[in-house]
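*Asks:* sequence unavailable; structure follows:
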Ligand SMILES: [Mg+2]
């Protein structure tokens, strides 16, 4: 059966919220982010983009490009309020919603036609409601699968509504390969070396040839070049995700620094999950290198996790799928999504006995944190010091990530 998927993505979200809350900012280049030395542009208005500014750019560089830009600090709580409003609008049309972030989601509206009209009409109604009720514009892409819908929402940004034709070739074939899901700068370079620049070029290669070049990713490329993607829209309830990320004063270079930072992040995320009585089955790791390129790696685990050590273990595996350790890292983040009620089970990563010990330790850490605050309680292995570092390097505490 043909599916109908809509991808929705708010335009320049944080910056648009700032312009919404302060009408004097409308029509001006607005940058949201930190002003300090290592501050980064988290979001910028379309007026600022005209100066060549984009998100993840160092703030100092953005201000050189556009000295009169208005800089506003990140107000996450406020963005969350807007996000909740927008997701509430989505849920009037379907409960099959897969949030990707505060400002982005897939909706599966297959079979909603009798109630709300065609997928295009639903997308148009959502855009209208979001604008009327929040003042924000949102771009929509309509297609038969998630891959094409996401490409489509980006096609006419801002305030776009694009429907991918069936078959999708007219839309898909001219696209540059870097737009394909999963094609990062490294893959893109390899493809370019082979003389491949657009989806049409990629279409010329056989599945066997692509597999030979890119292993299992080659099969995926083969399907994407044909606009095929069978991933379902995965519904998540309640909070979209719980995560934490840190930008470091000094870039992280070696595996000890990286793993220590991951443990710190895993502790924070686990504490917040358990405080809300939740566990998550998708672990996502975010890595930003010193040159500001950012990659995410995710893995689905079953049953869902809420323990710091179990989360750490998955995060370490994901870290191996990045260039961390070879390239300096300025930011790390861990988040869990697909949240459910948190049972006291911790998956198959640990045996029963170890699982109990892990739970008891996590519980004790939670209690101490409630009493003394987060900073007051850290596991011994989080403390810096030569002794721990040398233990870590010999792999005594499982630090080596293998
Ligand atoms: Mg957006």
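*Replies:* Thanks, I have the structure now. Note that the coordinates shown come from a computational prediction; the quantities given were computed from them, not determined experimentally.
*Asks:* show me where this protein has strands.
*Replies:* Assigned by DSSP state E, the chain shows strands spanning 5-10, 30-33, 41-44, 70-72, 97-101, 104-108, 138-143, 161-163, 241-252, 278-289, 294-305, 329-341.
*Asks:* and stretch 128-147, how far out from the chain middle?
*Replies:* The chain centroid and the centroid of stretch 128-147 are separated by 19 Å under CA atoms, centre = their mean, to the nearest Å.
*Asks:* I should have written stretch 38-58 there, sorry.
*Replies:* Relative to its chain's centre, stretch 38-58 lies at 18 Å (CA atoms, centre = their mean).
*Asks:* so what touches that stretch?
*Replies:* For stretch 38-58, the external contacting residues (CB atoms under 8 Å, 6 or more residues apart in numbering) are 11-16, 19, 25, 27-34, 59-60, 62, 65-66, 69, 74, 158, 247, 249, 288, 292, 294, 330. No exception for glycine: its C-beta is placed from N, CA and C like everyone else's.
*Asks:* so which of those residues reach the ion?
*Replies:* When contact is defined as CB under 5 Å from the ion, these meet the ion at residue 13.
*Asks:* just the buried ones among the contacts of stretch 38-58, please.
*Replies:* Among the contacts of stretch 38-58, the ones that count as buried by 16 or more other CB atoms under 10 Å are 11-16, 19, 25, 28-33, 59, 62, 66, 69, 288, 292, 330.
*Asks:* in helices only, show me the residues you listed.
*Replies:* 13-16, 19, 59, 62 (DSSP state H).
*Asks:* any part of stretch 102-113 near the ion?
*Replies:* Yes: using CB under 5 Å from the ion, stretch 102-113 reaches the ion at residue 103.
*Asks:* okay, now the domains of the protein?
*Replies:* Domains of the chain are assigned by automatic domain parsing as 1-164, 169-224, 241-393.
*Asks:* which ones are touching the residue in the stretch 151-300 of the chain that the ion sits nearest to?
*Replies:* Nearest to the ion, among the residues of the stretch 151-300 of the chain, is residue 157, at 8.4 Å (CB to the ion). Shown in contact with residue 157 (CB under 8 Å, 6+ apart): 9, 11, 139.
*Asks:* out of those, flag the one nearest to residue 210.
*Replies:* Closest approach to residue 210 among the contacts of residue 157 (CB to CB): residue 9, at 28.9 Å.
*Asks:* which residues touch the closest one?
*Replies:* Residues near residue 9 by CB under 8 Å, 6+ apart: 103-104, 138-140, 153-154, 157.
*Asks:* top of the residues you listed by number of neighbours, please.
*Replies:* residue 138 (30 neighbours; other CB atoms under 10 Å).
*Asks:* please name the nearest non-neighbouring residue to residue 180.
*Replies:* Among residues not flanking residue 180 along the chain, residue 224 sits closest, at 5.3 Å (CB to CB, 6 or more residues apart in numbering).
*Asks:* does that neighbour touch residue 181 like I think?
*Replies:* Yes: with contacts counted by CB atoms under 8 Å, residue 224 reaches residue 181, the gap being 6.6 Å.
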